[in-house]
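Chemist: sequence first, then the predicted structure:
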Amino acid sequence: MRVLVTGAGGQIGQALVPALLQRGDEVLATDIRSLTYPTATLQLDILDEKHFRAVLREWKPAEVYHLAAFLSARSEYEPQRGWEVNFMATWQVFEACRAEAVQRVFWPSSIAVFGPHTPREATPQYCPTDPIGLYGIAKLAGERLAEYFFRRYALDIRSLRFPGVVGPAHLPQGGTTDFAVHMFYAALRERRYKCYLLPDTRLPMIYIDDAVRAILKLMEAHPEQLTVRGAYNIQGMSFSPRELELEIQKAIPDFKCEYEPDFRQALAESWPISVDDTLARRDWGWHPTYDLPALCEAMLKAIPTYESS
Ligand code: NAD
Ligand code: SER
């Protein structure tokens, strides 16, 4: 199958592109920055609507994976640009996919759609969503737009509300859950880390292999199985910075964390501690395979291999 990926150079794209290639797809990997992948690549600003449409017409993908985004912290630094990339560009991508008869679109949402009035434990699929951050506001609008395009134009858009994604290949920048990757790099390099969240801030997280498996499984599901056309809740595990520090200390006993919260604390406190993913489990067979000890083991094993390559 021919597929196109936007934002392919980011944390999820770097793991998704190899998985799509392994599945046997012909992949066009695009990003605003230049990419090096063993497949076709293209430097493409997703805000350049004409360019994106021309590429769709030429490449004719059956599926588009639209990952280009500004994450939650970066969206607070550059709100207008964040809105353009996270919402306006998403609208243009949906429109172009409809016009060019793309069969299926994947676009990720986030736990950032939730807010202070959301129940924080086992957050239900349907409940108050009052995000306080601009990233969450754009994701919530994107979810509504995805469902609108499905109902009005039958464009088969599929989406997941990702928790914090943790993977070894990439030092993420611009998110609120980035600490969960940074802590591993710091533990291996300096044995010290200054965390921008308070130690007991528990958040839902998912290991990158599970995140990619969820994307592929959702995209492979029969459309009639899917009852959620906004974005599915999915849960991997939940942990706080302190719990992660203690887990890393089992392998690196002299690792130490300091805690100095910044503006990301308010965002994190407005997000769930855990989410209820019953509908994802029921509709398309979602189940996570990594818990916190397995995630730690995988990260500590994999990071040195990326650092030495
Ligand atoms: P990332 O920040 O690592 O990557 C985003 C990519 O988008 C970057 O490579 C960047 O260069 C690219 N980009 C930014 N502006 C662009 C533009 N104008 N044109 C083209 N490309 C542009 O993000 P990620 O973690 O890979 O996230 C991918 C998707 O998953 C996003 O929609 C994000 O909101 C969502 N998501 C991620 C997480 C997470 O924890 N990583 C959690 C929930 C949802
Ligand atoms: N992990 C993302 C962030 O922290 C949430 O989507 O911005």
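Modeler: Structure received. Ligands and ions are numbered 1, 2, ... in the order given.

Chemist: please count neighbours and contacts with C-alpha atoms only from this point.
Modeler: Noted.

Chemist: just list the residues touching Arg57, thanks.
Modeler: Glu100 (CA atoms under 8 Å, 6 or more residues apart in numbering).

Chemist: and if we set it to 10 Å?
Modeler: 51, 96-97, 99-102 (CA atoms under 10 Å, 6 or more residues apart in numbering).

Chemist: for ligand 1, what are the nearby residues on the stretch 51-200 of the chain?
Modeler: Within the stretch 51-200 of the chain, the positions near ligand 1 by CA under 6 Å from any ligand atom are 67-71, 85, 108-110, 162-165, 172.

Chemist: in CSV: those residues, plus distance to ligand 2 and pLDDT.
Modeler: Shown next, in CSV, are these (distance: CA to the nearest ligand atom, whole Å; pLDDT from 0 to 100):
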residue, distance to ligand 2, pLDDT
Leu67, 11, 98
Ala68, 12, 98
Ala69, 10, 98
Phe70, 8, 98
Leu71, 4, 97
Val85, 14, 98
Pro108, 9, 98
Ser109, 7, 98
Ser110, 4, 98
Phe162, 6, 98
Pro163, 6, 98
Gly164, 4, 98
Val165, 6, 98
Pro172, 9, 91
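
Chemist: which of these fall in strands?
Modeler: Within those, residues falling in strands by DSSP state E are 109-110, 162, 164-165.

Chemist: those: which two are farthest apart?
Modeler: Maximum pairwise distance among those (CA to CA): 12.2 Å, between Ser109 and Val165.

Chemist: mind checking which of those two has more residues around it?
Modeler: A direct count of neighbours by other CA atoms under 10 Å for Ser109 and Val165 places Ser109 higher, at 27 against 22.

Chemist: from Glu63, how far off is that one?
Modeler: Computed with CA to CA, to the nearest Å, the distance linking Ser109 and Glu63 is 17 Å.

Chemist: can you say which of the contacts of Arg57 are buried?
Modeler: Listed as buried from the contacts of Arg57 are 96-97, 100-102; burial here means 16 or more other CA atoms under 10 Å.

Chemist: tell me the bridge partners for Leu203.
Modeler: Going by DSSP bridges, Leu203 is paired in beta bridges with Phe239.

Chemist: re the thing from before, quick check, nearest of the buried ones among the contacts of Arg57 to ligand 2?
Modeler: The nearest member of the buried ones among the contacts of Arg57 to ligand 2, counting by CA to the nearest ligand atom, is Cys97 at 23.5 Å.

Chemist: now check the helix or strand Gly136 falls within, is it near ligand 2?
Modeler: Using DSSP states H and E, Gly136 sits in helix 134-153. No: judged by CA under 6 Å from any ligand atom, helix 134-153 stays clear of ligand 2, getting no closer than 7.5 Å.

Chemist: so what does that helix touch, helix or strand wise?
Modeler: If you count contacts as 3 or more CA pairs under 10 Å, 6 or more residues apart in numbering; DSSP states H and E, helix 134-153 packs onto helix 72-77, helix 79-83, helix 89-99, strand 109-110, strand 156-158, strand 160-162.

Chemist: flag every buried residue along that helix.
Modeler: So for helix 134-153, counting by 16+ other CA under 10 Å, buried means 134-143, 145-150.

Chemist: low pLDDT regions in the stretch 1-150 of the chain?
Modeler: Nowhere does the stretch 1-150 of the chain drop to pLDDT under 70.
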